[in-house]
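1. Predicted model follows, preceded by the sequence.
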Amino acid sequence: MPSFQTRLKITGLRPGNPPEAVMDTAVEVLGTRHHVEAHQLQIAGGVPQLNLRFLVEASEYSGENRQAVESAAMMRDAVERVALTGTLSVLRRSRGKWLPI
């Protein structure tokens, strides 16, 4: 199964939401469509960033990429209910490197 990674910058919390709700929401929503292999919070350029690695069911290359992008967008929409977000990136693992799609 192809491996993908989504990176989502978090610029703030919506009132009434604890910080852990951001990652919990991201993992829960992405997990409804794919197996989430790993997740972590990093600081990139002084801004918190969610990194989630997940698997997409093997099919044809562009279809796999489309599923990954759609799922990342769905995850971002859900996270927007608890936090303010910035840039969203989706990457695909290819020959040992993460390449943007």
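-> Perfect, I can see it now.

2. Which helix in the chain has the most residues?
-> helix 61-79 (DSSP state H).

3. Next secondary structure after that one?
-> Going down the chain from helix 61-79, the next helix or strand is strand 83-94, by DSSP states H and E.

4. can you give me the mean pLDDT across the following helix or strand past that next one?
-> Per DSSP H and E, the first helix or strand lying C-terminal to strand 83-94 is strand 97-100. Per-region confidence: strand 97-100 scores 97 on mean pLDDT.

5. and strand 97-100, what does it pack onto?
-> strand 83-94 (3 or more CB pairs under 8 Å, 6 or more residues apart in numbering; DSSP states H and E). In this view, the C-beta of every residue, glycine as well, is placed from N, C-alpha and C.

6. ok, back up a step: got the angle for the longest helix of the chain vs strand 83-94?
-> 160 degrees (axes from the mean of the first three to the mean of the last three CA atoms, to 10 degrees).

7. what packs against helix 61-79?
-> Counting by 3+ CB pairs under 8 Å, 6+ apart, the packing neighbours recorded for helix 61-79 are strand 3-13, helix 20-31, strand 47-55, strand 83-94.

8. I'd like to know which of those lies nearest to residue 66.
-> Nearest to residue 66 among the helices and strands packed on helix 61-79 is strand 83-94 (10.4 Å), distances taken as CB to CB.

9. What residues sit buried inside that closest one?
-> 83, 85, 88, 90, 91, 92 (16 or more other CB atoms under 10 Å).

10. The fourth one and residue 98, how far apart?
-> By that I understand residue 90. Per CB to CB, to the nearest Å, residue 90 is found 10 Å from residue 98.

11. quick revisit: return the distance of the longest helix of the chain from the chain's centre.
-> Mean C-alpha position of helix 61-79 versus that of the full chain (CA atoms, centre = their mean, to the nearest Å) differs by 8 Å.
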